[in-house]
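In: What shape does this take:
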Amino acid sequence: MNSAQLRRVTVESFAHYRSGLVELLLDAVRQGASVGFLASLAASEAAEYFDSVQTELGDGSRLLWVVVNGEQVLASVQLSLCQKPNGLNRAEVQKLLVRSDSQRHGLGTQLMAALETAARQMQRGLLYLDTESGSPAEVFYQSMAYQLAGRIPDYACSPDGTYRPTALYYKTLQGPRP
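Out: Have a look, this model is predicted:
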């Protein structure tokens with residue numbers, strides 16, 4: 001992972017990363033990650049999802065980072081910026097994905113650090129996310145100082161179709177906007 005590079009994806013650079021992002025999502029779902037898709041996820045459906053991400057990059061409501069090695073996408077994370085006038089201090093961390101053969105090399109930590117830096121720069125002082133209760137991801141977010149807000153039973157199905165509880169986490173980066 002020594003030659004891995006962190007990059008912020010823009011609407012202009014998105015096409016370069018699109019196929020790698022699709023492969024990354026397919027890998028995550030094959031590994032059982034509960035990220036909004038079932039095991040039957042087809043490449044075309046993953047591509048449609050990323051087309052919607054590209055639209056949100058264009059309108060400024062979403063930010064996206066990738067870690068690449070030789071232009072192969074190894075990991076990514078998204079930050080969805082609340083657009084409501086009463087929520088301009090918050091943003092949702094979404095779809096932190098790391099290829100199954102690239103896990104445990106600090107890529108998730110690197111992505112989260114970049115995401116948090118950008119959130120601070122944009123005066124988004126409250127980050128929140130949901131993750132499957134009891135998953136390795138939950139332990140990861142705890143290690144990143146995210147605080148448990150609560151749990152919801154039977155919140156979402158895992159790729160195999162089993163409904164599982166979710167854990168809601170938040171992290172305060174700075175005080176609320178004036």
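In: tell me the SS of the most centrally placed residue in the chain?
Out: For the chain, Lys95 is the residue whose C-alpha lies nearest the centre (Cα atoms, centre = their mean; 2.6 Å). Of the three states, Lys95 takes strand under DSSP: H, G, I helix; E, B strand; the rest coil.
In: Can you report how many residues neighbour Thr117?
Out: 11 (other Cβ atoms under 10 Å). Bear in mind the C-beta positions are built from the backbone N, C-alpha and C, glycine included.
In: Figure out the helix or strand that it lives in.
Out: Element membership of Thr117 [criterion: DSSP states H and E] is helix 107-121.
In: residues of that helix that come out buried?
Out: Neighbour-count burial for helix 107-121 flags 107-108, 110-112, 114-116, 118-119 (criterion: 16 or more other Cβ atoms under 10 Å).
In: Distance to Ser44 and pLDDT added to these, as CSV?
Out: Shown next, in CSV, are the buried residues of helix 107-121 (distance: Cβ to Cβ, whole Å; pLDDT from 0 to 100):
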residue, distance to Ser44, pLDDT
Leu107, 27, 97
Gly108, 27, 96
Gln110, 30, 97
Leu111, 26, 98
Met112, 30, 98
Ala114, 30, 97
Leu115, 28, 98
Glu116, 33, 97
Ala118, 31, 97
Ala119, 32, 97
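In: now, which of those sits nearest Leu21?
Out: Of all these, Leu21 sits closest to Leu111, with 13.2 Å by Cβ to Cβ.
In: Where does the nearest residue to the closest one once chain neighbours are set aside fall, secondary structure wise?
Out: In this structure, Leu111 finds its nearest non-sequential neighbour in Val77, 4.2 Å apart by Cβ to Cβ, 6 or more residues apart in numbering. Assigned by DSSP H and E, Val77 falls within strand 72-81.
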